[in-house]
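> Would you be able to build a 3D model of this:
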Amino acid sequence: LASSSTSKLRLGSSKRNWLTPENNSRLGPESLWLPGLSAVRAVSSPGGPTPPFTTLSVSQPATAVTHIELHRPEKRNAMNKAFWREMVECFTQIAEDPDCRVVVVSGAGDVFTAGIDLMDMASEVLQPEGDDMARTSWNMRRIIAKYQETFSVIERCPKPVVVAVQGACVGGGVDLITACDIRLCTQDAWFQVKEVDIGLAADVGTLQRLPKVIGSRSLVNELALTARKMYADEAKESGLVSRVFPDKEAMLAGALEMAGEIAGRSPVAVQGTKVNLIYSRDHSVAEGLNYMATWNMSMLQTEDVMKSAAASMEKKSPKTITFSKL
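Next up is the predicted model:
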């Protein structure tokens, strides 16, 4: 991606079809959260994927916010061979982009994703190369590890990732969203760990991350072993998502508003928080505290702390502060 000037993402360009909501408000059932919607239109990229990508549309809808849209609506955003490669390329560049502080991920059309594109992927997944069992197995392991990287790169990205789900989120979609930091959905969203229905165990992240997201081993086991659908109300109750919206328009407005709040904070503080949250998830409390002390022994030596403290004492929003790029 970085090897060719024509391949660079133009994250600051064109598609500014998000309008910032004026305020937050709660309407309807308590489980539904709505931002101000007076001037907000649905975020969808009619121009199609952003070159050099064929499955992703990338834009900068607001300052320091990058929007990645899965863009194969005619295929229900099914994940083909190109998708698995392009997500790695995209997030690798975003991780190093000082103009990006927050990422929003969504899906074009009425469905977030139908999961893996079996028609496109069958030859590689079901017929790996190899002259004997050992070599075939070695190549299969390499293929699986490559696909795991597609979502692990999201988790490793120091920028917080907000994912917005409408309609179906099936199979690989669950792998994707569990690698994100904040999950939002619409009232009509549903989630399905589909892999046992097609004869395999989920192998690119769901079985590893979902237990840490939901916190109920029994529920995770039920979902993974039965392949039943989980609908929005249960997803919120279980902690898979933090907010439920009445429709896609409201959800995308809320995602942008949330991303703007995060982007308005010190990038030193925000990215340090993400890194340490993930580290603490996978280590003991004592190990997490030790890592945190080592982290902040240098990261506290930033002008961002004094700027933020001064704004707080003056009862000003952090968004009024100009923070240097990180």
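
> C-alpha from now on. contacts and neighbour counts both.
Fine.

> hang on, isn't residue 240 packed against residue 183?
Yes - at 7.0 Å, residue 240 and residue 183 qualify as touching, with contact defined as Cα atoms under 8 Å.

> Which pLDDT value goes with the residue nearest to the spatial centre of the chain?
Residue closest to the mean C-alpha point of the chain, counted by Cα atoms, centre = their mean, is residue 180 at 3.8 Å. Residue 180 carries a pLDDT value of 98.

> does it count as helix, strand or coil?
Secondary structure, DSSP: H, G, I helix; E, B strand; the rest coil: residue 180 is coil.

> any idea how far residue 169 is from the closest residue to it other than its chain neighbours?
Excluding the flanking residues, the one nearest residue 180 by Cα to Cα, 6 or more residues apart in numbering is residue 161, at 5.3 Å. Using Cα to Cα, to the nearest Å, we find residue 161 at a distance of 17 Å from residue 169.

> quick one: the residue nearest to residue 180 and residue 295, what's the gap?
From residue 161 to residue 295 the distance is 21 Å (Cα to Cα).

> Same question for residue 113.
Where residue 295 is concerned, residue 113 sits at a distance of 37 Å (Cα to Cα).

> what about these two, which has more around it?
residue 113 (32 against 14; other Cα atoms under 10 Å).

> which non-adjacent residue is nearest the more buried one?
Per Cα to Cα, 6+ apart, closest to residue 113 is residue 77, 4.7 Å.

> In which helix or strand does the one you found reside?
For residue 77, there is no enclosing helix or strand under DSSP states H and E.

> Need phi/psi at it.
phi 50, psi 30 (degrees, to the nearest 10).

> what sits against it?
Neighbouring residues of residue 77 by Cα atoms under 8 Å, 6 or more residues apart in numbering: 70, 71, 107, 108, 111, 112, 113, 114, 115.

> go with 7 Å
70, 71, 107, 112, 113, 114 (Cα atoms under 7 Å, 6 or more residues apart in numbering).

> I figured the residue nearest to the centre of the chain was touching residue 162, is that so?
Yes - here residue 180 reaches residue 162: they are 6.4 Å apart, a contact under Cα atoms under 7 Å.

> related to what we said a few turns ago, tell me how far the residue nearest to residue 180 lies from residue 179.
Residue 161 is 9 Å from residue 179, by Cα to Cα.

> Assumed residue 68 was part of a strand.
Yes - judged by three-state DSSP, residue 68 forms part of a strand.

> For it, give its distance to residue 146.
21 Å.

> Let me know the secondary structure of residue 250.
Going by three-state DSSP: residue 250 is helix.

> any idea how far residue 103 is from it?
18 Å.

> returning to what we had before: greatest separation within the contacts of residue 77: which pair is it?
Pairwise distances among those were taken by Cα to Cα; the largest, 12.2 Å, belongs to 71 and 114.

> The two - which one has more neighbours?
Set residue 71 next to residue 114 and count neighbours by other Cα under 10 Å: residue 71 wins out with 30 against 21.
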